[in-house]
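**Student:** Just need the structure, nothing else, for what follows:
(2 chains)
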Amino acid sequence: MGNPYTVTAAVGSLLAIGYLIAGWGYPWGKLAEPGPGVYPLAVGILMLAGAVGLGLEASLRRFRMDTPWPAGAGRWRALAVLVSCLGYALFLPYIGHPVAGTLVSLIVLRVMGLPRWPLAICIAIAVGLGSYYLFGRILDVPLPAGFRLD
Amino acid sequence: MEGIVYGFSVALTGSNLLAALGGGLIGTFVGVLPGLGPAGAIALLLPVSIGLRPETALILLAGIYYGAMYGGSTTSILVNVPGEAASVVTAIDGYQMARRGRAGSALAVAAVGSFVAGTMGVAGLMLFTPLLVDFALAFGPPEYFAIAVAGLVALSLISGGSFWQALFIVAVGLGLSSVGMDPVSGLARYCFGSVQLTQGIELVPVAMGLFGMAEVLLVAEEAGGLPHLTAVRWRELFPTKAEWRRAFPAILRGAGLGFFIGLIPGPSATLSSFTSYNLERRLSKHPQEFGLGAIEGVAGPESANNAATCGHMVPLLALGIPFGPAVALLLAALMMQGVQPGPLMIQERPEVFWGFVASMYIGNVVLLILNLPLVGMWVSLLRIPQPILLVSILVFMLVGTYSVNNSALDLIVLVVMGVVGYALKKLKFDAAPMVVAVVLGPILEKSLRTSLFMSRGDLLIFIQRPISALLLLSALIMLVGPFVWAAAASAAGRRNPE
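**Tutor:** Just a heads-up that it's a prediction; the model follows:
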């Protein structure tokens, strides 16, 4: 899949180019009255310079090449945690925190090796409902309830 | 003198005492547990602090910062697992002392050293901040631009890694700060039609993602087992007279060194602990013991990292400029409360400054009293099954992020920055400059545009003002110096090949 540093430099360069293109239409104003486009232009140039420099260093093998890509079971565990958090972010407004929090907890508990389903389910429900009560009711954070829990 | 007396009258109220105790305990907890770090913990509690009074919020969050320095030494000494970066060097000799049955001495010296250095650091904070404030009252937009540039350059270089890597990371942070409505023209930048993005990208999900979510993903990937834990009995907590005779001078040296290193941008607590360790090894009459359980190797670094946290607060409180991610979050907390740290804060909000200083004295006493007797409890936290600990931290992080603006967009930012932070950790790049750049970005842009407006477009304004010129020159030297040095060394090598 390639040297991770080279890939990072390539992604960074694309990010910088996209940033510059997206900000290209913002007015630059005059030197005495700089417009909102000046700062993004400067930052975009710095970002591109940094990414290109990083790529050159990577191609000259200045970095130790012992940073492995995530692999094996560890990769899938990290991905599962990530996807469950993303799912929480997308579905929270619709299904509410008690359900979303419970589902995230259940997935993470099982992925991290809690062996028994009944125990994982009990802990997940405790975390989901407990956190809703603690934050939603005691600390007054307006968490979506999803279903009425009054 | 009246200031500190007033400060104690503020700090000794029920809510502020509770905040100092709570912040210190949470900080110790975070310091004991490897991974999260004080910056991540402050980010987690930032949403909770919004409902508090400004001085209470600052006392709570700062308590986490210096509490973590107390907690980090516990796992360094007992299980050779540093709770946070500034305690890495403590593990070298601290763990060896534990293996020789002197764990209690190491813990006691670390705790007392942290207390003495923390107290001396607070005294330094109390003395230096008003002095710097007097100096900073002459600052205008050009000086703020110059100090922001110099701070970012210094932070990037000191954080380690290559110049290009640091430049890229800082630029990404500055780019994140440019999202939202331009305060001068009202133009929506990088919002892509989203109303929520016009408010900008919040610091809390960025910091929580880079430090907290990234750590969660790493732990999920590595899924390590529990370390072997050393038991420590209460009667073992007293060092011998000989140990105190060796430790105490190291504590005093560490305190002085740490405070002054804390004044400069960068990971000052970590830097000060390493510098102190090297200093103690050079000065010691028993240098051969270093690496095998030298008590100075625990006393000096642990004192230095505590004093550094106090030094690190000086630029924040006096200038309103953060030189590290944890203090950047403290700045964010104060700004959310409508308090602008800087030269006028001591005059306009004395209860915030003096209350905070006084609470640090109180917090250090409380942490010293609590940490030693409770060492068994802190260590037992490591027995909590990792899946349960991970889930608790994760849910706390998700709810905390959502509570800032009740926005699902913040959760998306948290997840995206978590991936970014995870990638940075795997590549061994430091994420701290990115967080500081997110905070300094608006200051940088505003001061640049205001300066050019003041000078009617004359760029020489930055050089004509002496403080600004000096700061920009320092930044240039820091940037160019390593290249010049490398070229000179290479040329010398070619002239003298043997």
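
**Student:** Flag the shaky bits of the stretch 251-400 of chain B, pLDDT-wise.
**Tutor:** Applying pLDDT under 70 to the stretch 251-400 of chain B flags residues B:379, B:382.

**Student:** need the residues of it near chain A, please.
**Tutor:** By the rule CB under 8 Å from any CB of the partner chain, the part of the stretch 251-400 of chain B lying against chain A is B:385, B:386, B:387, B:388, B:390, B:391, B:392, B:394, B:395, B:396, B:398, B:399. The C-beta positions use only the backbone N, C-alpha and C, and glycine is treated the same way.

**Student:** Run a quick check on the fourth one versus residue A:109, I expect a contact.
**Tutor:** Yes - in this structure residue B:388 lies within contact range of residue A:109 using CB atoms under 8 Å: 7.5 Å.

**Student:** Need the residues touching each of those two.
**Tutor:** Here residue B:388 and residue A:109 have residue A:123 as joint contacts, going by CB atoms under 8 Å, 6 or more residues apart in numbering or on different chains.

**Student:** on that earlier part again, can you pick the most crowded of the residues of the stretch 251-400 of chain B next to chain A?
**Tutor:** residue B:391 (28 neighbours; other CB atoms under 10 Å in any protein chain shown).

**Student:** can you pull the contacts of that residue?
**Tutor:** A:104, A:105, A:108, A:109, A:112, A:123, A:124, A:127.

**Student:** Next, give me the two most distant ones among those residues.
**Tutor:** A:112 and A:127 (13.1 Å; CB to CB).

**Student:** circling back: just the contacts of residue B:391: which are in strands?
**Tutor:** Taking DSSP state E, every one of the contacts of residue B:391 sits outside strands.

**Student:** From those, which shows the smallest pLDDT?
**Tutor:** For those, the weakest pLDDT value sits at residue A:112, with 85.

**Student:** wait, isn't that residue in contact with residue B:390?
**Tutor:** Yes - look at residue A:112 against residue B:390 with CB under 8 Å: they come within range, at 5.9 Å.

**Student:** Quick check: neighbours shared by the two?
**Tutor:** residue B:220.

**Student:** tell me the domain boundaries of chain A?
**Tutor:** A:4-59, A:72-138 (automatic domain parsing).

**Student:** The last one close to chain B?
**Tutor:** Yes - residues of domain A:72-138 are located near chain B by CB under 8 Å from any CB, namely A:74-75, A:77-78, A:80-82, A:85-86, A:88-90, A:92-93, A:97, A:101, A:104-105, A:108-109, A:111-114, A:123-124, A:127-128, A:131, A:135.

**Student:** buried set for the longest helix seen in chain A?
**Tutor:** Criterion DSSP state H: the longest helix present in chain A is helix A:72-111. By 16 or more other CB atoms under 10 Å in any protein chain shown, the buried positions in helix A:72-111 come out as A:77-78, A:80-82, A:84-89, A:91-92, A:95-111.

**Student:** And residue B:81, what's its pLDDT?
**Tutor:** 69.

**Student:** Now do residue A:20: how many residues are near it, please.
**Tutor:** Neighbour count of residue A:20, defined by other CB under 10 Å: 16.

**Student:** Spit out the contact partners of the residue most central in space within chain B.
**Tutor:** By CA atoms, centre = their mean, chain B has its centre lying nearest to residue B:326, at 4.1 Å. Neighbour list for residue B:326: B:38, B:39, B:42, B:65, B:312 [criterion: CB under 8 Å, 6+ apart].
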